[in-house]
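Asks: Build the 3D model from these lines:
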Amino acid sequence: ATQRRSQPQTDGMAPGRGGRKVGNGGKNRKNKDHRQSGLKQRANKGRWDDICARQLRPDLINKVLAEKTKPDPDLPGLGQHYCVACSKYCISANALEEHMRTSKHRRRLKTLSTEKIYDHKEANAGAGRGGVDNGLELREDMALG
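Replies: Next comes the predicted model:
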């Protein structure tokens, strides 16, 4: 009657270092959930910071909200609850209030309202597609000769 020690099966791999996952969470031929993971990881799916920052200006925000909250049966909450800073529709007024309290929303609102937005004009200039720069213009009184 010898006693054998039971050791956890590691399949020849170090503990905690991957290996075959038992369950339905991994990449296998039956589970196709991993195909959508790229969409979930993308934070700025449909937002353009320069457009959002322009829409957040006090003179435009009411106009933008009026335009974005027109009833639409295809949008969450019939399109009635919209966050301009995050370009996000919420399903109810309570959900919108909860969203407004999240740190992600507050951080985005602070970024859009305080930092200078990297706009198309600056991007084109950085890529070398800005206006022509011929250097200093010579005035007639400074002309050579």
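Asks: drop to CA atoms for contacts and neighbour counts, all remaining ones
Replies: Will do.
Asks: So, low pLDDT: which residues of this protein?
Replies: 1-29, 31-47, 131-135, 138-145 (pLDDT under 70).
Asks: Could you pull out the strands in it for me?
Replies: Assigned by DSSP state E, the chain shows strands spanning 81-83, 88-90.
Asks: what does the longest helix along the chain contact?
Replies: Longest helix in the chain by number of residues, with DSSP state H as the criterion: helix 103-114. With contacts defined as C-alpha atoms under 8 Å, 6 or more residues apart in numbering, helix 103-114 is touched by 49, 52-53, 56, 85-86, 99-100.
Asks: how does it look with 7 Å?
Replies: Under the contact criterion C-alpha atoms under 7 Å, 6 or more residues apart in numbering, helix 103-114 has outside partners 53, 85-86, 99.
Asks: out of those, which one sits closest to residue 120?
Replies: Distances from residue 120 to the contacts of helix 103-114, taken as C-alpha to C-alpha, are shortest for residue 53 (13.2 Å).
Asks: Tell me which of the strands of the chain sits most buried.
Replies: Of all those, strand 81-83 has the most neighbours on average by mean count of other C-alpha atoms under 10 Å, namely a mean of 21.
Asks: Now tell me what touches that one from outside.
Replies: 69, 88-93, 96.
Asks: Can you show me the CA trace of stretch 77-86 as CSV?
Replies: Taking C-alpha atoms only, stretch 77-86 is exported to CSV below (Å, rounded to 0.1, in the frame of the first residue of the first chain):
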residue,chain,number,x,y,z
GLY,A,77,-32.8,54.7,-26.6
LEU,A,78,-34.2,55.9,-29.9
GLY,A,79,-31.3,58.3,-30.1
GLN,A,80,-32.6,60.6,-27.3
HIS,A,81,-29.6,60.4,-24.9
TYR,A,82,-26.3,61.5,-26.5
CYS,A,83,-22.9,62.4,-25.1
VAL,A,84,-21.2,64.9,-27.3
ALA,A,85,-17.7,64.5,-25.9
CYS,A,86,-17.6,60.8,-26.3
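Asks: sorry, back to before: now do the buried residues in the longest helix of the chain.
Replies: Neighbour-count burial for helix 103-114 flags 105, 109, 112 (criterion: 16 or more other C-alpha atoms under 10 Å).
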